[in-house]
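Trainee: model this:
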Amino acid sequence: MFQYCADPKSLDGLVWLSCYLTSGKHLLFYASFGTVLLLLAITAPVALLFGFGGAMASRSGFAPLRWFGRIYTSMVRGIPDIVFFLFVPIALDQGIEYVKSRFYCDPSIPVRQGNEFLVCAAAKVPLSSAADWVHQAYGLLLAIIAFSVVFGAFAANVLYGAMQAVPRAQLETAEAYGMSQRQVTRRILVPQMWTYAIPGLSNLWMILIKATPLLFLLGVEDIVYWARDLGGVKTSAFAYPHPDWRLYYFLAILVFYLLMTWVSERVITSLNRRLSTGQATMAGEAMRKGAAA
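Mentor: From the prediction side, this is the model:
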């Protein structure tokens, strides 16, 4: 990155370290922290949307929709997360390539040839000629979908329980004033349920943060990938030879996650305090007593 880094073998001390930490691979390592934050920023609202849809489906009076909502939440909840994280991207990838192969390949050639799934080059997603960032973006997209499906099911259970916790008397009062079922849901049920849902959703957010290293298993070049690659032993064949430094790289990742957890706890505490104001919950009652004292 710097001009004096042209010949790393002639450097030593802090100058060597400055060149080492600003090498091309290290810049990709720093960018991978942004990949984790991007995953969280997209997955959290999408999973919440899936969860809200699953919770509403589980409460539906239409039996097939109610069965779908309950099967979705029970199926994902009963299967280890890592199985879904590996299954969903593979299933989506092969499904997309199969559909493309029906248009771009000879349909007389089966895509299943023994245990192999093979499609022509034109049906590959992304195309083999695509830039590396396209492959990375596609892998990240599949990862986001997998994370959203899994954590959406957990969110559905949390939101369903929160909806059940809203006092029935409030809903009946709204109905007695002539509100339709849709109005009761939009004006009474949904605004009230967040107070009960925040504790469960906050735990789910923490679990989501801790699950982001699974990106490494999905082929995305995340912080775990680069920490293992950069921290491993580098011989004199490399520009910057060094012994096993994986401890220091993973220590940096540990600090990163601890910092994220610390910030999340404070944001969640503030949000919970705001939503509990005036509510007939344990948190709201504690705030009322504190103000009275």
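
Trainee: ok, A41 to L28 distance?
Mentor: Distance of A41 to L28, given as C-beta to C-beta, to the nearest Å: 20 Å. Backbone N, C-alpha and C define where each C-beta goes, glycine included.

Trainee: ok, now Y4?
Mentor: Distance of Y4 to L28, computed by C-beta to C-beta: 22 Å.

Trainee: neighbour count winner among those two?
Mentor: L28 (15 against 12; other C-beta atoms under 10 Å).

Trainee: Just confirm that one contacts E221, I think it does.
Mentor: Yes: counting by C-beta atoms under 8 Å, L28 touches E221, with 7.0 Å between them.

Trainee: For L247, give me its contacts.
Mentor: Counting by C-beta atoms under 8 Å, 6 or more residues apart in numbering, L247 touches G231.

Trainee: Do you have the strands of this structure handy? List them.
Mentor: All strands of the chain, identified by DSSP state E, fall at 112-113, 116-117.

Trainee: Mean pLDDT, mean neighbour count and distance to L215 for these - can I get that in JSON lines?
Mentor: Shown next, in JSON lines, are these (pLDDT from 0 to 100; neighbours: other C-beta atoms under 10 Å; distance: least, C-beta to C-beta, whole Å):
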{"stretch": "strand 112-113", "mean pLDDT": "78", "mean neighbour count": "10", "distance to L215": "29"}
{"stretch": "strand 116-117", "mean pLDDT": "82", "mean neighbour count": "10", "distance to L215": "23"}
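
Trainee: Can you tell me, leaving aside adjacent residues, what's nearest to C120?
Mentor: Setting aside the residues directly before and after it, C120 is nearest to C105 in space (C-beta to C-beta, 6 or more residues apart in numbering), at 4.0 Å.

Trainee: Over to C19?
Mentor: C19 sits nearest to C5 (C-beta to C-beta, 6+ apart), 3.7 Å away.

Trainee: burial count for that neighbour?
Mentor: 18.

Trainee: I'd like the distance between it and A227.
Mentor: Applying C-beta to C-beta, the value for C5 to A227 is 22 Å.

Trainee: D12 too?
Mentor: Between D12 and A227 the computed distance is 25 Å (C-beta to C-beta).

Trainee: Contact partners for S74?
Mentor: Taking C-beta under 8 Å, 6+ apart as the definition, S74 has no contacts.

Trainee: now do the one 10 residues further on
Mentor: Under the criterion of C-beta under 8 Å, 6+ apart, the neighbours of F84 are 76, 146, 149-150.

Trainee: cool, and L14?
Mentor: Contact analysis of L14 by C-beta under 8 Å, 6+ apart lists nothing.

Trainee: can you pull the pLDDT of it?
Mentor: Note on L14: pLDDT of 85.

Trainee: how close does the residue lying closest to A143 once chain neighbours are set aside sit to G139?
Mentor: Leaving aside its chain neighbours, A143 sits nearest to L218 (4.9 Å; criterion: C-beta to C-beta, 6+ apart). As judged by C-beta to C-beta, L218 and G139 stand 6 Å apart.

Trainee: So for these two, which residues contact both of them?
Mentor: P89.

Trainee: My read is that Y248 contacts G231, right?
Mentor: Yes: in this structure, Y248 is within contact of G231 by C-beta under 8 Å, at 6.8 Å.

Trainee: Okay, buried residues for stretch 246-266 please.
Mentor: Under the neighbour-count criterion of 16 or more other C-beta atoms under 10 Å, stretch 246-266 has 249, 253, 260, 264 buried.

Trainee: again, but for stretch 199-219
Mentor: Neighbour-count burial for stretch 199-219 [16+ other C-beta under 10 Å]: 200-202, 204-205, 208-209, 211-216, 218-219.

Trainee: Now that T22 has come up, it's in contact with C5, right?
Mentor: Yes: checked against C-beta under 8 Å, the pair T22 and C5 is within contact range at 7.4 Å.

Trainee: where in the stretch 151-293 of the chain is pLDDT low?
Mentor: Counting by pLDDT under 70, the ranges of the stretch 151-293 of the chain that qualify are 276-293.

Trainee: ok, now which ones touch the residue nearest to S32 when sequence neighbours are not counted?
Mentor: In this structure, S32 finds its nearest non-sequential neighbour in I223, 4.7 Å apart by C-beta to C-beta, 6+ apart. Contact analysis of I223 by C-beta under 8 Å, 6+ apart lists 29, 32-33, 35-36, 213, 253, 256.

Trainee: Repeat the analysis, applying 6 Å as the threshold.
Mentor: 32-33, 253 (C-beta atoms under 6 Å, 6 or more residues apart in numbering).
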